[in-house]
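**Student:** Need a 3D model of the following:
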Amino acid sequence: MKWGVMILAAGEASRIGKAKMLLPYKQTTILGHLIKEISSLDPSIIQLVTGHYHDLIVKQVNSDSISIIQNKGYKNGMSSSIQVGLTAMLNSCSGMDFLVIVVSDQPFLSSSVLISLFNKQQQTAKGIVASTYNGIRGTPVLFRSSYFTHLYNLAGDKGARGILQQFPDDVATIDFESGELDIDTVEDYERFCKIINEDHVD
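**Tutor:** The predicted structure follows:
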């Protein structure tokens, strides 16, 4: 089985005003933590899609285990980053069976969450497995290759959520309650730091 992970890190992070994926997390950064967790599962390819903060990210990320591509049209929304990333991935890893899309501002993402996605896919044989938190279905999300064409046809900044709405009967879910915390503001990051300092996260 060939499978890849796409990390979306292209946005301007306008609400926090800085490269939020490069904020400190223990001995590394939020992005560094994500790459470490994903790399531990040895996927066929890890594709990091950058945009506004491309130069900063390249300086701080060890690219030995991952591929990096800049989406110069990142202002066209998350859909454009997915398309740029998927094109690069399939050029490097043809015949990919599954794609997992993650975002770079969910600091509690871990290898166990990705394992749960695949376990659920094996149990249900569904073509899409999404994470659920705070009453929504979102990232990380797994897609079977039969959905790659639909990913190419996305538009705007809604990401892949429209595909989940379009094919509800082929969607399974896993619980990822900690996924509701993403880093959009200074207050979000302060709340995250408080949580990890108190060791309240499994």
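**Student:** Just give the number of residues close to residue 180.
**Tutor:** Applying other Cβ atoms under 10 Å, we find 15 residues neighbouring residue 180. (Each C-beta comes from the backbone N, C-alpha and C, glycine too.)
**Student:** Now do whatever helix or strand residue 59 lives in: which elements does it pack against?
**Tutor:** Applying DSSP states H and E as the criterion places residue 59 in helix 54-60. Packing partners of helix 54-60 (3 or more Cβ pairs under 8 Å, 6 or more residues apart in numbering; DSSP states H and E): helix 30-39, strand 45-50, strand 67-70.
**Student:** got the buried residues for it?
**Tutor:** 54, 57 (16 or more other Cβ atoms under 10 Å).
**Student:** who's in contact with that helix?
**Tutor:** With contact meaning Cβ atoms under 8 Å, 6 or more residues apart in numbering, helix 54-60 is reached by 9, 19, 21-22, 29, 31-32, 48, 50, 68, 70.
**Student:** any idea which of the residues you listed is closest to residue 80?
**Tutor:** Nearest to residue 80, judged by Cβ to Cβ, of the contacts of helix 54-60 is residue 70 at 11.6 Å.
**Student:** show me what contacts the residue minimising distance to the centre of the chain?
**Tutor:** The residue lying closest to the centre of the chain (Cα atoms, centre = their mean) is residue 102, at 0.9 Å. Residue 102 makes contact with 5-8, 34, 38, 109, 139-140, according to Cβ under 8 Å, 6+ apart.
**Student:** Can you tell me the element it falls in?
**Tutor:** Using DSSP H and E, residue 102 maps to strand 98-103.
**Student:** From residue 108, how far out is residue 129?
**Tutor:** Distance, residue 129 to residue 108, using Cβ to Cβ, to the nearest Å: 18 Å.
**Student:** Tell me the one of the contacts of residue 102 nearest residue 196?
**Tutor:** Ranked by distance to residue 196 (Cβ to Cβ), the contacts of residue 102 are led by residue 109 at 13.4 Å.
**Student:** so the closest one touches residue 138, yeah?
**Tutor:** No. Counting by Cβ atoms under 8 Å, residue 109 does not reach residue 138; the two are 11.5 Å apart.
**Student:** Name the residues contacting each of these two.
**Tutor:** residue 179.
**Student:** which one of the two has more residues nearby?
**Tutor:** Each of residue 109 and residue 138 has its neighbours counted (other Cβ under 10 Å); residue 109 has more, 25 against 22.
**Student:** Secondary structure class of the more buried one, three-state.
**Tutor:** coil (DSSP: H, G, I helix; E, B strand; the rest coil).
**Student:** quick one: pLDDT of it?
**Tutor:** Note for residue 109: predicted pLDDT of 95.
**Student:** Tell me who's in contact with the residue nearest to residue 92 when sequence neighbours are not counted.
**Tutor:** In this structure, residue 92 finds its nearest non-sequential neighbour in residue 45, 5.8 Å apart by Cβ to Cβ, 6 or more residues apart in numbering. By Cβ under 8 Å, 6+ apart, the contact list for residue 45 reads 4-5, 67, 89, 92-93, 96.
**Student:** Understood, closing this out.
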